[in-house]
Structure formats: C-alpha cells, structure tokens
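**Student:** Here is a sequence with its predicted model. Questions after.
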Amino acid sequence: MKGYLDRIEDNKFAVILVEDIKKEFIIPKEELPEGSAEKSYFNLTIQNDQITFIKLDEHATGTEQNKTDKLMSKLRSKSNGSKFKKK
C-alpha cells in the first residue's frame, strides 16, 4: 500500500495519508525511514489500523515530484496576472 508524508506537526509527529483507504495515520517522526521528508512516498503495511512496516519509495517520490514541478511550471506560464486593475 502507498502512503504520502503530508506534513510534520510540532516537529514530533508525521502525518501520513493513505489514499487507497482514505485514512491518515499519525506516527512519531522518529519512526520515519532515513531520508524521509514532507512529500515523500512510502510502501506501507497496515494491520489492525496500525502501520507495521514503512519503507521510503524513492522512485515514486521522484516521479510525483517531477509531475508536480511540470504542472506548476505549466500553470505559471499561463498566468497573465490579475484581471482587475489597481486604482
């Protein structure tokens, strides 16, 4: 199962979103694999509503970041500024 590190709260807790089951899990930041950062993707095993295995998926993280970067670049290139004029 895939998970996504949405954010770190209070520099103590990691919030991982799992879209397949539409749930979020909050785990201690120390339980994240080495190299994890916000917007990282993970391979997860979930049993009894708990994450029992977590591994950083570097390939998915890189692929998704590239998609996001391309989309943001495309959106920025289309932006012509506000349609409203300042007085």
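**Tutor:** Now that the structure is in, tell me what you want to look at.
**Student:** Could I get the contacting residues of F42?
**Tutor:** Counting by CB atoms under 8 Å, 6 or more residues apart in numbering, F42 touches 2-5, 16, 33, 36, 54-57. The way it works is simple: take the backbone N, C-alpha and C, and place the C-beta from them, glycine included.
**Student:** where does K39 land in three-state SS?
**Tutor:** Three-state call for K39 (DSSP: H, G, I helix; E, B strand; the rest coil): coil.
**Student:** for the one 5 residues further on, same thing?
**Tutor:** L44 carries the three-state label strand when classified by three-state DSSP.
**Student:** Next, the contact list for P28, please.
**Tutor:** Contact analysis of P28 by CB under 8 Å, 6+ apart lists 12-14.
**Student:** Run the chain-centre distance for stretch 12-23.
**Tutor:** From the chain centre to the centre of stretch 12-23 is a distance of 9 Å (CA atoms, centre = their mean, to the nearest Å).
**Student:** quick revisit: who wins for most neighbours among the contacts of P28?
**Tutor:** Neighbour counts for the contacts of P28 (other CB atoms under 10 Å) peak at A14, which has 24 neighbours.
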